[in-house]
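Q: Sequence below, structure please.
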Amino acid sequence: SNMVKFLLLLFAYLISQQNIIAQEFPYKLSKDIFAEKDSNQNAFALQIAATNFAFQGDYKQALKTWNEQRPNQKEIKLTEFDSLFLAKSKVISAKEYILEKSKEEEIIILNELHHNSSHRKFARSLLKGLYDNGYRYLGLEALNDVHINQRKFGTLESGYYTSEPEFGNFIKEALDLGFTLFGYEASETDNWDTDKWKNREIAQAQNIYKFIQNHTDGKYFIYCGAGHAFEGDNNGRGKSMAGVLADLTKINPLTIDQNRYSDKGENRYNQPLSKLVQSNVPSILINSEETIFRSNSTSYETDISIIQPIINFEKIDSSWLNDNVQIEVEIPTEKTINYPALLLIYRKGELEMNGIPTKIIELANNQKKIFVKKGNYDYLIIDSKNNKIHY
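A: All right, here's what the predicted structure looks like:
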């Protein structure tokens, strides 16, 4: 239909415009995100709002807003498969298992939900160990920046999702360790007009394959959105990026899902298994036959399903403070600040280059000081009248 054609054209256009969109300042106050969302009650508006909450550091609200797409969600029932697997298995650290397994692998593919900043934190936690085990290349679906390896940090022009602070931190750490980064998203010229979904998967895989052929002195860590990490026939539609890439390279990738069993922020949206696995770190289940839990024995999806702990939001923010090595920062009182305001914290030298903040905090009222982890920063306050106070 014409409507479908129009939407597909719009989608292709948006991908081509990703760079341009990203140059607008993407960080907004909660009240403005709520106002935009409430004036436009559709699924797309809710997804944008969830992403905007992630961008400005409100992890809990990002998850809750995403859930609003399914307001009538009933409590999810524990499946027999999950229940039996759990009964026969032990819970181990996902990070430790993946790093051990990575020694014998060539390509690791990990997915994320685009509104979930904790997924980037987990991806970032793997980088040092992967580098030590010979991984040298990090492919990011969300990246569109040919200068990133020279510049050594991301900017607002590097992509759309990459502007989220935890994504910026993930990119920065990879570059500091010595990874070479590359983007691989399909472009609107990749046969958008026929089967959009299928051609996007094929084009992504071909872009990665081309890169691999030209960069052979190291292993590959590929980071993607949701279903691109699936290996088999995806619901009868054909293979996703990971499956196509396996065919092209003749290498069976280690594929890892972070999504299904991640914390959804509200109990009725969480998988029962997530509630039953008692762990405070992302975990995997391994049974007595050394079989790894992957959500479903007949699954076409991934080799591993990560089970993320249900998060206590009272404590969530402290995870940014490295081992409690923190310093107190005064908020300048001589300037008039119209509250609420956003406080953006940048690594030294990145603010003037249109960099990505390492942390954003919404200040509700006249706070005199905040705590940040030790480091060298520039601070920018943007208040509710859009005044910019740089110190």
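Q: got a list of what Pro357 touches?
A: Tyr27, Pro165, Gly168, Leu344, Ile345, Tyr346, Leu380 (C-beta atoms under 8 Å, 6 or more residues apart in numbering). The C-beta positions use only the backbone N, C-alpha and C, and glycine is treated the same way.
Q: Against Lys373, how distant is the fifth one?
A: Spelled out, that is Ile345. For Ile345, the distance to Lys373 equals 10 Å [C-beta to C-beta, to the nearest Å].
Q: Those two: which is more packed in?
A: Neighbour count, other C-beta atoms under 10 Å: between Ile345 and Lys373, Ile345 has more, with 21 against 16.
Q: related to what we said a few turns ago, so of the contacts of Pro357, which two are at opposite extremes in space?
A: Longest distance between any two of those is 14.3 Å, between Gly168 and Leu380; criterion C-beta to C-beta.
Q: Go through the contacts of Pro357 and name the one nearest Tyr135.
A: Nearest to Tyr135 among these: Gly168, at 20.3 Å, using C-beta to C-beta.
Q: Doesn't that closest one belong to a helix?
A: Yes. The assignment for Gly168 (DSSP: H, G, I helix; E, B strand; the rest coil) places it in a helix.
Q: Nearest spatial neighbour of it, chain-adjacent residues omitted?
A: Spatial nearest neighbour of Gly168, chain neighbours left out: Ile356 (3.1 Å); criterion: C-beta to C-beta, 6 or more residues apart in numbering.
Q: same check, this time on Leu248
A: Closest residue to Leu248 in three dimensions, ignoring its sequence neighbours and counting by C-beta to C-beta, 6+ apart: Tyr209, at 4.3 Å.
Q: just to revisit the earlier point, which one's more surrounded, Gly168 and Leu380?
A: Gly168 (25 against 18).
Q: show me the contacts for that one.
A: By C-beta under 8 Å, 6+ apart, the contact list for Gly168 reads Phe153, Gly154, Thr162, Gly355, Ile356, Pro357, Thr358.
Q: Columns pLDDT on top of the residues you listed, output as a markdown table?
A: Shown next, in a markdown table, are the contacts of Gly168 (pLDDT from 0 to 100):
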| residue | pLDDT |
| --- | --- |
| Phe153 | 98 |
| Gly154 | 98 |
| Thr162 | 98 |
| Gly355 | 97 |
| Ile356 | 97 |
| Pro357 | 96 |
| Thr358 | 93 |
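Q: Can you tell me which of these is closest to Leu110?
A: Looking across the contacts of Gly168 and measuring by C-beta to C-beta, the closest to Leu110 is Thr162, at 15.7 Å.
Q: quick check, that closest one in a strand?
A: No. Counting by three-state DSSP, Thr162 is located in no strand; its state is helix.
Q: can I assume it is in contact with Ala142?
A: Yes. Using C-beta atoms under 8 Å, Thr162 makes contact with Ala142 at a distance of 5.0 Å.
Q: Ile370 and His114: what is the separation?
A: According to C-beta to C-beta, Ile370 stands 28 Å off from His114.
Q: Which one's more surrounded, the two?
A: His114 (21 against 17).
Q: which element is that one on?
A: Using DSSP states H and E, His114 sits within no helix or strand.
Q: For it, give me the pLDDT.
A: Listed pLDDT for His114 reads 95.
Q: Could you give the number of residues near the nearest residue to it once chain neighbours are set aside?
A: Nearest residue to His114, sequence neighbours excluded (C-beta to C-beta, 6+ apart): Tyr161, at 5.3 Å. Neighbourhood size, Tyr161 [other C-beta under 10 Å]: 22.
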